[in-house]
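J.: Here is my input, please return the structure:
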Amino acid sequence: MKASEKLIQKNNEGKFICVGLDTDLAKIPKHLHSSENPVLEFNKKIIEATYRHAAAYKINFAFYEKLGAQGFDILHATRKLIPDDILTIADAKRGDIGNTSKYYADAVFDIFGFDSITVHPYMGEDSVKPFLLYEDKLIFILALTSNPGAEDFEKLKLSDGSYLFQKIINKANNWNEKNNCGIVFGATKSSELKENISSFGNLFVLLPGVGAQGGSLEDVVAIFKENNSRKFLINVSRGIIYKDNTENFDSMAQEEIVLMNQKVLKLLS
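T.: Numbering: from 1, shown residues only. This is a model prediction of the structure:
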């Protein structure tokens, strides 16, 4: 299946929550620390508890790169634990000159086997194109992110009165010839989401920032409903994987993602 087909299928099944596996050894339940591989064991338990309800899994490379060679082994093993019909997102935020981007794309797609990746567009089309050449994958372009620093550059006002992030959305639409392009739009920016959603076209939308960062699930879902669109993923990391810190952490994670999907479906009905 193409990456976009996986996402559409899960959306059609009423699944809109992406589980962020931003696994931090310091935050996982203490009883797992005696395991041979605590981070991998934690990820395994979370995936086993949530895969029937997840629309996607997003793995932030930073949490694994910090562990060095072992971290890459854990990342690779975690990706293999995820069922093939569920979208996997490499949250690596890559973007470099064309030749370097090609190697980044080869690594994420051919070596690690991910379905999609987050990419920043700061260096322009030639830095993004090597990823888009993988027509069966899905490339999420950073447009307006959920962090406070988004104000520094993404919301710069240009001479024509538009904002830089709006130019990025327009470019992403232009790059979406193979229907394998999406954008990252922070759930913390609900007013901007409402003002700009009509410009998204056929782009898939990844929405980080719900929960710990202050984004409102209710607000973003209401906006998509108003615009008759279901091409979105709501990423939740800490709110699911760290919902509980006892031996019941996995069952509590399952309970949380079920409740979130139910809430989204109720809001869309």
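
J.: could you list every residue that touches Leu144?
T.: Residues near Leu144 by Cβ atoms under 8 Å, 6 or more residues apart in numbering: Ala150, Glu154, Lys155, Phe165, Val184, Phe185, Gly186, Lys189, Glu192. Quick note: C-beta positions are derived from backbone N, CA and C, even for glycine.

J.: could you flag which of those residues are buried?
T.: Taking 16 or more other Cβ atoms under 10 Å as the criterion, what is buried in those is Ala150, Glu154, Phe165, Val184, Phe185, Gly186, Lys189, Glu192.

J.: all helices for this structure, in order.
T.: Taking DSSP state H to define them, one finds helices in the chain at 3-12, 38-50, 62-65, 69-81, 98-105, 125-132, 164-175, 190-196, 217-226, 238-241, 249-268.

J.: and those helices, which is most packed in?
T.: helix 238-241 (a mean of 22; mean count of other Cβ atoms under 10 Å).

J.: Touching that helix from outside, list them.
T.: 17, 19-23, 42, 46, 50, 210-212, 249, 253, 256-257, 260.

J.: Apply 7 Å and report the result again.
T.: Val19, Leu21, Thr23, Ile46, Gly211, Ala212, Ala253, Glu256, Ile257 (Cβ atoms under 7 Å, 6 or more residues apart in numbering).

J.: residue contacts, the closest residue to His53 other than its chain neighbours?
T.: Setting aside the residues directly before and after it, His53 is nearest to Ile257 in space (Cβ to Cβ, 6 or more residues apart in numbering), at 4.7 Å. Counting by Cβ under 7 Å, 6+ apart, Ile257 makes contact with Ile17, Val19, Thr50, His53, Ala54, Ile240.

J.: Many thanks, have a good one.
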